[in-house]
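Enquirer: how does the following fold in three dimensions:
(2 chains)
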Amino acid sequence: MTPEIIDLSMLELSAKLARREVSSVEATRDCLGRIERVDAKVRAFLRVDAKGALAAAEASDARRKANAPLSPLDGVPIALKDIFLTEGVETTAGSRILAGFIPPYDATVVALLKGAGLPIVGKANQDEFAMGSSTELSAFFPTHNPWDLTRAPGGSSGGSAAAVASREVFGALGTDTGGSIRQPAALTNTVGIKPTYGRVSRYGVIAFASSLDQVGPITRTVADAAALLQAIAVHDPRDSTSSTESVPDYLSGLEGGVAGMKLGVPREYFVPGMDPEVEQAVRSAAAELEKLGAKIIDVSLPHTRFALATYYLIAPAEASSNLARYDGVRYGFRALAAGGLREMYFQTRAAGFGPEVKRRIMLGTYALSAGYYDAYYLKAQKVRTLIRRDFLTAFEQVDAILSPTSPVTAFKLGEKLEDPLAMYLMDIFTLPCNLAGIPGMSVPCGFSKAGLPIGLQILGRHFDEARVLRIGRAFERDHDFAGRAPKL
Amino acid sequence: MAASDYQPVIGLEVHAQLLTRGKIFCGCSTQFGSPPNHNTCPVCLGMPGVLPVLNKRVVEFAVRVGLALGCTVRKTSVWSRKNYFYPDLPKGYQITQYDQPICEGGKLTIDVDGTTKDIRIRRIHMEEDAGKSVHDAVGGESLVDLNRAGVPLLEIVSEPDIRSSEEAVEYLKSLRDVLVYLGVNDGNMEEGSLRCDANVSVMRKGSSTLGQRTELKNMNSFRFVRQAIDYEIARQIEVLESGGKVVQETRLWDVQRGETRPMRSKEDAHDYRYFPEPDLPPLHVSDALIDEVGRSLPELPRAKARRFLSQYGLPAYDVKILCAERPLADFFEACAGQYKDYKKLSNWFLGELMRLLNEKGGSISSLKVQPAQLAALLSSVDKGEISANAGKDVLAEMFRTGRDPASIIAEKGLGQVSDAAVIEAAVDDAIAKNQGEVEKYRAGKKQVLGFFVGQVMKAMKGKGNPALINEMLKKKLG
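Expert: All right, here's what the predicted structure looks like:
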């Protein structure tokens, strides 16, 4: 018996599809079957679109048969975080306020993936409006970490990461505003990359914090991440922040290795209180890269300690404005309130938003208020510039930076729910990357004694995703993390 | 103290809808009068996930207005979000410009009591319009029409240099003329494509401290602007005279009651929580664009009027009317290129042409009469080929059909008889038949001449050349 289709990487499946050893319908059915078997435990999916996925798979098989695939990934089934608008398929961003919302259009990345022939199996769970680091703050249900079902998969793209880790799909798209791709990737033994701000279109992605949000892949291998990123890294005239910077071929240089590269290790990213097993795994990963020919250099990012405070002023400020449109007037949930417009607004938003979303709306509203703007929002923007400058300075010395992705391994469900600040600290190593707008990736770099995955974060220069991927691949090549699947 | 002891101080904020075909941040049509919510797409409906993309025409129009008003155009301006909740504001914020608007400084010159006055322009910025709420159209429900949401607006803010409602109206009219001349706005206050808010305060004459101001809204005609400001000035003086204080607030002009009444006070004023729009990068305006727009700027109403006065030697009254609309002025100049009696030309414009336009409707731009045809008609009158009265009839026909005056004159047999022999015969006949009147004339009763002209004209069925008839009669009657 051949190994299960579902264990193949995206590119392996792609090769089999091209040779017509496997059909897209078979691969899609495998995903659906796996979801059927394990998702009651993992709960990665808010919605499964079996009909839509199979129809897309059939069409893909017809194209393969006619030797006219739309792209190398034509027929490879994937999942989407529920933050991406999918025409005709309910999209909620994990919030009650959008329950029942059927989008009238596809997000640009969704249109690109459909255009490349990838069947979309379903919409993955997430923290409400991407605000959270555990996927417990979904308005509907928490997602469980497939490596230990009593633990959280991280977040906010926890559904996407859990679906990929538990082999329910071959790959997925998430979004990352302060670590929401990389942190769940680290906690689930998957690869997650947040590209440079502006590399991937945000059009049709439900906005959390516009100046920080970025779309990226979550996959089981670095090569898959490169291939999926290639499919979505396209300039979009509908997004005024979308870059026109040329896109390299991410796969062609992938096996180039790290010989001669200078890799920085920032001392500020190894803090008291972090899990010693995580520190150990990341330090030995750096040592391995050194053996592969890289030069490891101690660097400093002195403003790192201000990143959390800066982030928690800018992101909520933008969110408070971005979430104003959910007012019950045009779409989504509306409270049937007697007493006029104001009452309708109050009740709709009171019942529609969860506590963390409300907390951030209040934080952001406060930070932007007359008399406080200069002290909070404006100052945060200035510090943001300093944090960005830290990276630019470091990149004069080194080609990329290595750090832990998360200070800890997967934590217990419920453990941090009552303590928002403890939850915010989960993103302490991932936030600065978003503030600086640089690309960052998490690749699996080990397991704790308890069998929980650990992630290595690789940060690169603006638009230097190719190098970040190449470093990740150089490390991955000597390990078999991608071959390790959770027992479910 | 009397009302005359107070000095009103007024500043105007004018919102002008721009005549771009598309909206400011999406491709939807800006057509007025479409069925509700017809000109909409996910972007202007404020759907989740949508992003704004700037319509470059809007920037070009803003620069055009800025340069016309002598403003400085910022090389880098910034978009901001103005946050507030209202059902016709789909995103819950308006994309506008706040602390770094596209244009600053500048002035507009207006006529006041026979002299001119400069009203300084503080700033001009671009923003998106909101939709429209329709209340109680359907059994107690409020409906929202988002056709207007995202239509580009320019907000033009004056300094508080205006001192009376007359000046305010003059400023508004001059500004409208400029905007219409520039082709960026249709100048229609009733349909709301040009809107005006006024900041009004009064201060004691001779005082150096400004009084507390109120903001007036909902004045959708020049008349209402005048009435609302006059009402507000009188109200504020009355408040102060009775020992009260003017409260900073927004007041609406109530057309029915003819008064302003409070809408919201400073206490419940919105905190708009402005911050830079993260979805739009800062706007860079290149020197090349500024130069190009500057070069293509048309002659503006005041400059044109000045030129008409000197070049055509016309009275100020004529010039004001001729230059009020660019197409009318352009048509006049096209005619003036082929007909040199400018005053007579102007008389025909102000008299016959305007009358026809008023009576029959239509606009100068869609006029069927060609400049050469009008010049030919006036030359025919001058040469005595037709009478002035007949000329009016011919013009009416030209207006209706666009035909050449010569063919109309020929067809209607309107040509004047200037043949001396024919006129002499008719004159002789009239003298022969009216010997009694001849005696009276020769006895010194010169007004009898008119009687003879009438008799000759009657005999010639009105086509005789009046100048020749007069001349001949005077000669024969001695």
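Enquirer: quick check: the residue of the stretch 201-350 of chain A nearest chain B.
Expert: residue A:324 (2.4 Å; Cβ to the nearest Cβ). Every residue, glycine included, has its C-beta placed from N, CA and C.
Enquirer: and that residue, which of the three is it?
Expert: Three-state assignment for residue A:324 (DSSP: H, G, I helix; E, B strand; the rest coil): helix.
Enquirer: confidence score at the residue lying closest to it once chain neighbours are set aside?
Expert: Closest residue to residue A:324 apart from its sequence neighbours, by Cβ to Cβ, 6 or more residues apart in numbering or on different chains: residue B:92 at 2.4 Å. Per-residue pLDDT puts residue B:92 at 97.
Enquirer: pretty sure the residue of the stretch 201-350 of chain A closest to chain B sits against residue B:85.
Expert: Yes - with contact defined as Cβ atoms under 8 Å, residue A:324 reaches residue B:85; the gap is 6.6 Å.
Enquirer: what is the burial count for the residue of the stretch 201-350 of chain A closest to chain B?
Expert: 22 (other Cβ atoms under 10 Å in any protein chain shown).
Enquirer: for the chain, which residues score under the pLDDT cut-off?
Expert: I went with chain A, as the question did not name one. The model of chain A has pLDDT under 70 over residues A:1-3.
Enquirer: that's the wrong chain, I meant chain B
Expert: Scanning chain B with the threshold set as pLDDT under 70 gives B:1, B:265-268.
Enquirer: contact residues of it facing chain A?
Expert: Contact residues, chain B versus chain A (Cβ under 8 Å from any Cβ of the partner chain): B:42, B:45-54, B:81, B:83, B:85, B:87, B:90-93, B:142, B:144, B:271, B:273-275, B:278-281.
Enquirer: type out the PyMOL command that picks the buried ones from those.
Expert: Filtering the residues of chain B next to chain A down to the buried ones (16 or more other Cβ atoms under 10 Å in any protein chain shown) takes a single PyMOL command:
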select buried, chain B and resi 42+45+46+47+48+49+50+51+52+53+54+81+83+85+87+90+91+92+93+144+273+274+275+278+279+280
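Enquirer: before we move on, the earlier item: contacts only, for the residue of the stretch 201-350 of chain A closest to chain B.
Expert: By Cβ atoms under 8 Å, 6 or more residues apart in numbering or on different chains, the contact list for residue A:324 reads B:83, B:85, B:91, B:92, B:93.
Enquirer: narrow the residues you listed to those in strands?
Expert: B:83, B:93 (DSSP state E).
Enquirer: show me which pair in the contacts of residue A:324 is furthest apart.
Expert: B:85 and B:91 (10.5 Å; Cβ to Cβ).
Enquirer: so who does the closest residue to chain A within the stretch 101-250 of chain B touch?
Expert: Taking Cβ to the nearest Cβ, chain A has its nearest neighbour within the stretch 101-250 of chain B at residue B:144, 6.8 Å off. Taking Cβ under 8 Å, 6+ apart as the contact definition, residue B:144 lies against A:329, A:330, B:37, B:87, B:88, B:131, B:132, B:133, B:134.
Enquirer: hang on, it in a helix?
Expert: No - under three-state DSSP, residue B:144 falls outside any helix and is assigned strand.
Enquirer: how near is the residue nearest to residue A:137 when sequence neighbours are not counted to chain B?
Expert: Using Cβ to Cβ, 6+ apart and skipping the chain neighbours, the partner closest in space to residue A:137 is residue A:127 (4.0 Å). Using Cβ to the nearest Cβ, to the nearest Å, residue A:127 is found at 16 Å from chain B.
Enquirer: what is the neighbour count of residue A:127?
Expert: 33.
Enquirer: how near is residue B:185 to residue A:399?
Expert: Residue B:185 is 55 Å from residue A:399, where distance means Cβ to Cβ, to the nearest Å.
Enquirer: ok, those two, which is more surrounded?
Expert: More crowded of residue B:185 and residue A:399, by other Cβ under 10 Å: residue B:185, with 24 against 20.
Enquirer: which element is residue A:60 on?
Expert: helix A:50-65 (DSSP states H and E).
Enquirer: tell me which residues are up against that helix.
Expert: Applying Cβ under 8 Å, 6+ apart, the contact partners of helix A:50-65 are A:17-18, A:20, A:23-25, A:27-29, A:31-32, A:69-70, A:74-75, A:77, A:89, A:114, A:117-122.
Enquirer: now do 7 Å
Expert: Contact with helix A:50-65 is made by A:17, A:20, A:23-25, A:28, A:32, A:69-70, A:74-75, A:77, A:89, A:117, A:119-121, as judged by Cβ atoms under 7 Å, 6 or more residues apart in numbering or on different chains.
Enquirer: what do you get for stretch B:379-390?
Expert: B:339, B:391, B:394, B:405, B:409, B:414, B:415, B:416, B:418, B:465, B:467.
Enquirer: most surrounded residue in these?
Expert: Busiest of these [other Cβ under 10 Å] is residue B:405, holding 26 neighbours.
Enquirer: just give the closest residue to it, not the sequence neighbours.
Expert: Closest to residue B:405 by Cβ to Cβ, 6+ apart is residue B:377, at 4.0 Å.
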